[in-house]
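Peer 1: after the sequence you'll find the predicted model.
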Amino acid sequence: MNTSAASNKDVILQQVAAVPAGQISSYGAIAKAAGLPGYARYVGHVLKSLPKDTRLPWHRILNAQKKISFPPASLAFKEQKRRLEEEGLTILNDKVV
DNA sequence: CAGGGGGCTAAGG
DNA sequence: GCCTTAGCCCCCT
């Protein structure tokens, strides 16, 4: 798929961007798919570092419990929830189904 | 080099 | 449902 010149961060972002609309994934799954098993936290750290105008579907990335790991008072929480709903998903008590 | 923390995960109490 | 323990890893002091 592409050369090995990609850094861990790039690979992760690539996997995140590879997630189809209406489909969700977990940090561990992304890390694993990126060939970095155990980098779950690193994935979160990277996504969190993304710019507000990022085009990466970071909102499709949830934790292993399929729940939004943000506090309900966080803007990211509402934003992610809203985007997921826009993609046809449903959120029940911070949980994505 | 040591210490603390983080959109994590799984198992236990 | 919540918190703790333990594991994995990276980044900043």
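Peer 2: That came through, no problem. Numbering: from 1, shown residues only, chains lettered A, B, ... in the order given.
Peer 1: list the contacts of residue A:84.
Peer 2: Residues in contact with residue A:84, defined by CB atoms under 8 Å, 6 or more residues apart in numbering, are A:24, A:59, A:60, A:91, A:96. Heads up, the C-betas are built off the backbone N, CA and C, glycines and all.
Peer 1: try 6 Å
Peer 2: residue A:96 (CB atoms under 6 Å, 6 or more residues apart in numbering).
Peer 1: over to residue A:21?
Peer 2: Neighbours of residue A:21 in contact, by CB under 6 Å, 6+ apart: residue A:87.
Peer 1: report the rounded mean pLDDT for the lengthiest helix in chain A.
Peer 2: Taking DSSP state H as the criterion, chain A has its longest helix at helix A:75-86. Average pLDDT, helix A:75-86: 92.
Peer 1: does any part of that helix sit near DNA strand C?
Peer 2: No - using CB under 7 Å from any atom of the strand, helix A:75-86 never reaches DNA strand C; the gap is at least 14.8 Å.
Peer 1: give me the buried positions along that helix.
Peer 2: By 16 or more other CB atoms under 10 Å, the buried positions in helix A:75-86 come out as A:76, A:77, A:80, A:81, A:84.
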